[in-house]
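**Student:** quick one, structure for this:
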Amino acid sequence: MQKVGEHTVIGASGDLSDFQKIMSMVSEMQTYDMAHDDGCSMTPRDFHQYLGRVMYNRCRPLSSADRRFGMRSLRM
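**Tutor:** Coordinates of the predicted model:
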């Protein structure tokens, strides 16, 4: 488990390298957010939405041909 933001904790089980990659992405996003220096910080909802999109995209990889034509490949 690792604290991110002021009110959010992210935990994981399973492969540690996946957790480290996700935490690296979250850290990069936080750095980008802080660079705006607008006084706003990310809420638990923001982290949830971001991680939901990241995990959804990891489960649905597209081949280069699929990206080019905007189609998903048929897998059996």
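
**Student:** and after the longest helix along the chain, which helix or strand comes next?
**Tutor:** With residue count as the measure and DSSP state H as the assignment, the chain has helix 16-35 as its longest helix. Scanning the chain past helix 16-35 towards its C-terminal end, the next helix or strand to appear is helix 44-59 (assignment: DSSP states H and E).

**Student:** for that next one, buried residues please.
**Tutor:** Using 16 or more other CB atoms under 10 Å as the burial criterion, the residues of helix 44-59 that qualify are F47, L51. The way it works is simple: take the backbone N, C-alpha and C, and place the C-beta from them, glycine included.

**Student:** quick one: distance of it to the chain centre.
**Tutor:** Between the centre of helix 44-59 and the centre of its chain there are 5 Å (CA atoms, centre = their mean, to the nearest Å).

**Student:** what does it rub up against?
**Tutor:** The set of residues external to helix 44-59 that reach it, using CB atoms under 8 Å, 6 or more residues apart in numbering, is V4, G5, H7, T8, I10, I22, M25, V26, M29.
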